[in-house]
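> quick one, structure for this:
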Amino acid sequence: MDQLYREVQPASARQSRGWLLLHRGLLIVLGLLGVGQAVLGGWLLALGGSPMHLVCGLLLLIAAWLGLRSTGRAEVLASGLAAAVALGWALTEIAGKGWMPSWIFDFAGRVALLLILLTAMLAVSVMARHRPGHWARRAVGGAMAACLLLVSGLVVLLWERPQGPAQIAAHSTLPSTANEVTNTAQNWSAYAGSNFGRHYSPAAQITPANVHGLQEVWRHRSGDTAPNERVFFSSQNTPLKVDDTLYLCSSSAQVFALDPATGEQRWHYDPATPARAMESLFSVACRAVGHHGVRGEAACSERIFTATADGRLIALDARRGQPCTNFGTAGTVDLTEGMGLRDPGFASNTSGPAVVGDFVIIGQQVSDNQRRDAPSGVVRAYDARSGALAWAWDAHRPDARAPLAAGEIYPRGTPNVWTVISADESLGLVFLGTGNSGADHWGGDRTEEEDRYTAAIVAVELETGATRWSFATVDHDLWDYDIGAQPTVLDIPIDGQVRRAVLLGTKTGSLFLFDAATGEALRPIERRPAPQGETLTGERLSPTQPQSTFYPNFAAHPGQDPERIDARHTFGISPLDAAWCRIQFHRMRYEGIYTPPVSTGNGMLLFPGTIGGLNWGGVGVDTGRLIAITNHSRLPNHVVMVPRAQVTDVAVGDGGARPDQVVAPQAGTPYGAIRPIWFSPLNMPCIAPPWGYLAATDLVSGDLLWSQPLGTAFDTGPLGLPLRLRIPVGTPNIGGPLVTGSGLTFIGAAQDNYLRAFQTETGRLLWSARLPAGGQASPMTYVHEGRQYVAMVATGHSRLETAPGDHLVVYALGGEGEVGARP
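Okay, the predicted model is just below:
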């Protein structure tokens, strides 16, 4: 036995020395963490913030010092006290702001790293102090196994999974008050199904009871990828299905005609959009093509319209994919005419032309914050057969039909219409959602007309372009709260009478409801006081702002009013980045929604941020159940206004290029602007999750039926590293819903690459499918030869940092059809 002991002892001693070295290393890491947290905590306290980061940092530093001095129990006590303080502080703040959805992620971000480090340190200490086989070592092993089992069980419990078939609730369909030409179950004739913008189809073969049987049946790849790193692709496309053909466009406006059942490519048209013209765009998109006419023997009796980044509106024969030579000049209308463009792509269409009757109506995006005298925000209507200009609406043009004089250009810097255009032919009206004038964050020289038509819904006459009515959803907008969501036309009972209405979702989170013909507000709108005080040189502030009060607000966390955050809402995945975010919060100006931009201090916090609230995905409306489905983001921006003398970045039109700019120049104003998403040094949002929601609202009662986080951490994480956790955390989302007559809501949009199906009335997740790339688009559905299909474009979004691709993926019930890529 003595001989055996002498042979084993050296090995045991070497193991103990290894454990001791590891223990010392962990103590040093703990001490460094304590120093960092204490220093940041001291800075935070000096700014008037919570003392808890300083307290926790000092406790960690004491625990590390005691451990290095080998004081045993004192080390354990100090470590336990630090853990207890961190846990108590986390739970108190989380409870204080209301146990929001995804609070478990907030909690984990606050304490996980600290608890892992303390637990590892104490476990290694036990291993170093005791021989193999000692009961203390066995206890540590058991405790570690129990913790691992607990965490694993929690992950399994929270893991997102479909909940199985659901019953189909009976419902009645509301009768229409007007003759409607809408999408049938067979067709999807415009971006949102029809020009009403409802994202709705009566198709009902796929139901809550059988949607779990949905399978991929074919996919198509466009082959269209970004030409260089200076061009940011995100096609955001929703295909059209008309009769026996599916039509879609890719980011560079290439158009494809496909067989709806197999994906077989019938024709392909490439307009050869120059890469240089796409550099000015924040995101290169082609949300939809337009369709006009009916199938006939004559060439171009049926047409597909597409618009390019370099300013071309092109008409194609829907059967052959060849330009219609009798439209414009050899099939093309030059959209740069009368624009006085200083740079290719400075103004271009990304949402696709709206075809209304025999008119092709087209707005345009204008590259944000480059110059006050940016290209005009003019909206133009062309004859769908000849390409002749019918009218041109602009905030500064009292007569939309007045022709331009020789050498004249459309008024510069006026509010533009970059989102999808809606219309109601029975009323003879077109509904425009407008953006801002040439500079988003300074408007000291805006005219009365510009303010009237900024962040507004404008109803113009289809035949003449004359303004029938308008409503500005933000007064003197300085926050980039332009209208991104397409207006939605629907019928709704108001005080016992069915009214034709327009529903408008905004970045400020409001759902406004207007009489479509007159602009009368059908639900209450209140004037709420807005923050005042310090403002920019030459600027003015509106004392109040309009807010719709009947429906929930979706600026951030759904509720009666726009959410107002405080320091408790800050977030980090370690004590250090959490403290950094909290310090930034205290250094920024923030007084709730409509906090004015400033050039002093550390700028201001813009919340909701520039992507909203609600954005271009729009609102889905179940017309039978009168339920509105909305998805929105909850992500602030950090906005710093830079005095002109300090702006060195050159604007587009003066030789500058958007990809090269750090400061958005806003040339012609006293300030440039820096406005990144409010991220931590680890590239994570500085606000605690959820960062995105999906919700359902009863349009008759105004009640919020349900809301829940949309998106998981499967494809995102710190420093861009995916966590591979399919647990609903709620991610920023871009894209809209699809609502069907059977009671289903389909949506991609989130930063994880999934298409999901929910029960519209309950929010119950019934089905999901992994996409080959980011699904930042709106899905659609159609019935072809008796079979219902669901189609989803998956091309990713460069700015949202989702996986790029060039895919259209189509699903149907059963396993029929070939699964595979097609050219």
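> and stretch 402-421, what's buried?
For stretch 402-421, the neighbour count (16 or more other Cβ atoms under 10 Å) marks 410-421 as buried. No exception for glycine: its C-beta is placed from N, CA and C like everyone else's.
> show the end-to-end separation of it, please.
Length of stretch 402-421, first residue to last, Cα to Cα, to the nearest Å: 22 Å.
> state the mean pLDDT of that stretch.
Average pLDDT, stretch 402-421: 96.
> same deal with stretch 200-213?
For stretch 200-213, mean pLDDT rounds to 97.
> cool, stretch 689-699 as well?
For stretch 689-699, mean pLDDT is 98.
> buried residues in that stretch, which are they?
Of the residues in stretch 689-699, those buried (16+ other Cβ under 10 Å) are 689-697, 699.
> from those residues, which single one is nearest L738?
Looking at these and their distance to L738, the nearest is L694, at 12.4 Å (Cβ to Cβ).
> check which element follows the helix or strand where the closest one lies along the chain.
With elements taken from DSSP states H and E, the one containing L694 is strand 692-698. Sequence-wise, the next helix or strand downstream of strand 692-698 (DSSP H and E) is strand 704-709.
> okay, now the sheet partners of that following strand, with direction.
Using DSSP bridges, strand 704-709 pairs in its sheet with strand 692-698 (antiparallel).
> could I have the partner strand exported to PDB, CA atoms only?
The C-alpha trace of strand 692-698 is given here as PDB (Å, rounded to 0.1, in the frame of the first residue of the first chain):
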ATOM      1  CA  GLY A 692     -39.700  42.500 -32.600                       C
ATOM      2  CA  TYR A 693     -43.400  41.500 -32.300                       C
ATOM      3  CA  LEU A 694     -46.300  39.900 -34.100                       C
ATOM      4  CA  ALA A 695     -49.700  41.000 -33.000                       C
ATOM      5  CA  ALA A 696     -53.400  40.700 -33.900                       C
ATOM      6  CA  THR A 697     -56.000  43.500 -33.300                       C
ATOM      7  CA  ASP A 698     -59.800  43.300 -33.500                       C
END
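> any stretches of the protein with poor pLDDT?
Scanning the chain for pLDDT under 70 picks out 1-15, 71-72, 168-183, 815-823.
> coming back round to it: mind checking how far the strand holding L694 is from the chain centre?
Here strand 692-698 is found 14 Å from its chain centre; the criterion is Cα atoms, centre = their mean, to the nearest Å.
> can you pull out the residues in contact with that strand?
Residues outside strand 692-698 that contact it (Cβ atoms under 8 Å, 6 or more residues apart in numbering) are 511, 551-552, 554, 557-558, 626-635, 703-711, 730-733, 737, 745, 747, 749-750, 758, 760-761, 763.
> name only those of these that count as buried.
Among those, those classed as buried by 16+ other Cβ under 10 Å are 511, 551-552, 554, 557-558, 626-635, 704-711, 730-733, 737, 745, 747, 749-750, 758, 760-761, 763.
> inside strands: which ones of those residues?
Among the buried ones among the contacts of strand 692-698, the residues falling in strands (DSSP state E) are 511, 627-633, 704-709, 737, 745, 747, 758.
> pick the one among the buried residues of stretch 402-421 closest to N210.
For the buried residues of stretch 402-421, the nearest to N210 is V420 (31.2 Å; Cβ to Cβ).
> got a list of what that closest one touches?
Residues in contact with V420 (Cβ under 8 Å, 6+ apart) are 191-192, 197, 287-288, 351-352, 354, 486, 616, 618.
> can you give the distance of stretch 379-392 from its chain's centre?
The chain centre lies 32 Å from the centre of stretch 379-392; the measure is Cα atoms, centre = their mean.
> L117: helix or strand, and which one exactly?
L117 belongs to helix 103-129 when assigned by DSSP H and E.
> buried stuff in that helix?
103, 105-107, 109-111, 113-115, 117-129.
> next, the angle from that helix to strand 704-709.
Note on geometry: by axes from the mean of the first three to the mean of the last three Cα atoms, to 10 degrees, helix 103-129 and strand 704-709 are set 30 degrees apart in direction.
> just the buried residues of whichever helix or strand comes after helix 103-129, please?
Sequence-wise, the next helix or strand downstream of helix 103-129 (DSSP H and E) is helix 135-158. Neighbour-count burial for helix 135-158, counted by 16+ other Cβ under 10 Å, picks out 137, 140, 158.
> so which strand or helix has G197?
For G197, there is no helix or strand it lies in under DSSP H and E.
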